[in-house]
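Chemist: take a look and give me a structure for this.
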Amino acid sequence: MPAEVPTLDEVRAWPATVSVPKAATALGISKSYLHGLIKRGQAPVKVLPLDGRHRVITASLVRLLDSA
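Modeler: Coordinates of the predicted model:
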């Protein structure tokens with residue numbers, strides 16, 4: 001069963017960065033799809049590479065969702 005999509009207000013309350021799976025949930029897409037976009041440099045949100053992993057900048061996610 002897919003995770004429930006959070007509201008914009010819930011996303012605004014998230015920490016400064018979030019995991020790719022959590023960001024994917026907010027976008028309503030799979031984590032593997034978002035990972036693929038990141039790998040190709042086509043992610044619709046700003047991403048920080050940290051210790052071999054990626055973290056999505058929450059403010060970027062909020063801007064994207066707020067403009068939709």
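
Chemist: out of everything not next to it in sequence, what's closest to the residue nearest the centre of the chain?
Modeler: Residue closest to the mean C-alpha point of the chain, counted by C-alpha atoms, centre = their mean, is residue 23 at 2.4 Å. On the basis of C-beta to C-beta, 6 or more residues apart in numbering, the spatially nearest residue to residue 23 that is not a chain neighbour turns out to be residue 56, at 3.8 Å. In short, each C-beta sits where N, CA and C put it, glycine included.

Chemist: hang on, that neighbour packs against residue 50?
Modeler: No. Applying C-beta atoms under 8 Å, one finds residue 56 not in contact with residue 50, separated by 11.0 Å.

Chemist: more crowded one of the two?
Modeler: residue 56 (25 against 9; other C-beta atoms under 10 Å).

Chemist: got the contact list for that one?
Modeler: 17-20, 22-23, 43, 45-48 (C-beta atoms under 8 Å, 6 or more residues apart in numbering).

Chemist: which of those residues fall in helices?
Modeler: Among those, the members falling in helices (DSSP state H) are 20, 22-23.

Chemist: list buried residues within the contacts of residue 56.
Modeler: 17-18, 20, 22-23, 43, 45, 47 (16 or more other C-beta atoms under 10 Å).
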